[in-house]
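J.: Everything below, folded, please.
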Amino acid sequence: MKKLIIFLMLVFLHADDLKIVSKTFNYYPDKFYSDFKGDVNATTGIDNILADEIKVYLNKDKSLKELVALGKVKFILNLDKNTTYKGYSDYLDYKVNSGDIILKGNAFVKKLQTNESVKGGYIKLNKFSKKAVVKGVNKPAVIIIKVKK
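T.: Down below sits the predicted model:
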């Protein structure tokens, strides 16, 4: 079997293909679920998620329902045309319908346009409202924002 499996699966929100490269791939058609393991790299448009494992959940019409990334997660995500976030965590859960992006573990997010950042054990961003919730779990949350003098 090939060391890397490339699987083009579905149409994402902006009609870009979701491309996932991994060492192993398991698909469960009756559950509308796929599991990718080993040096996983998921891309759609300019969004990119790297992780040890990525789980993809589809709706019955094969549209993306949820994407869960586990282990050494690194990402670049565009929330809109003007907002790009780069960061890392131990766990990332993106719920497409609600727009929630939940990060757990050693989580860090930086807004590239302003260099503002948040760090904590739990970070929740919403793609639609841009609302953020940050909690320190074992350490205090750290937030850096730009303020006018």
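
J.: Mind jotting down where the strands sit in this protein?
T.: 5-11, 17-22, 24-28, 33-44, 47-58, 64-80, 83-95, 100-111, 117-126, 132-135, 142-144 (DSSP state E).

J.: pLDDT of the last one, averaged?
T.: Which is strand 142-144. Mean pLDDT, strand 142-144: 86.

J.: Centre of the chain to it, how far?
T.: Centroid separation for strand 142-144 versus its chain: 21 Å, with Cα atoms, centre = their mean, to the nearest Å.

J.: Over to stretch 92-112?
T.: On the basis of Cα atoms, centre = their mean, stretch 92-112 sits 6 Å off its chain's mean C-alpha point.

J.: Output the strands of the chain in JSON lines; the columns should cover mean neighbour count.
T.: Where C-beta positions appear, they are placed from N, C-alpha and C, glycine not excepted. Formatted as JSON lines, these follow (neighbours: other Cβ atoms under 10 Å):
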{"stretch": "strand 5-11", "mean neighbour count": "14"}
{"stretch": "strand 17-22", "mean neighbour count": "18"}
{"stretch": "strand 24-28", "mean neighbour count": "13"}
{"stretch": "strand 33-44", "mean neighbour count": "19"}
{"stretch": "strand 47-58", "mean neighbour count": "19"}
{"stretch": "strand 64-80", "mean neighbour count": "18"}
{"stretch": "strand 83-95", "mean neighbour count": "19"}
{"stretch": "strand 100-111", "mean neighbour count": "20"}
{"stretch": "strand 117-126", "mean neighbour count": "20"}
{"stretch": "strand 132-135", "mean neighbour count": "15"}
{"stretch": "strand 142-144", "mean neighbour count": "12"}
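
J.: which of those has the lowest average pLDDT?
T.: In terms of average pLDDT, strand 5-11 trails the rest of the strands of the chain, at a mean of 29.

J.: tell me the contacts of the nearest residue to G87 once chain neighbours are set aside?
T.: Closest residue to G87 apart from its sequence neighbours, by Cβ to Cβ, 6 or more residues apart in numbering: V109 at 4.0 Å. By Cβ atoms under 8 Å, 6 or more residues apart in numbering, V109 lies in contact with Y85, K86, G87, L103, S117, V118, K119, I123, L125.
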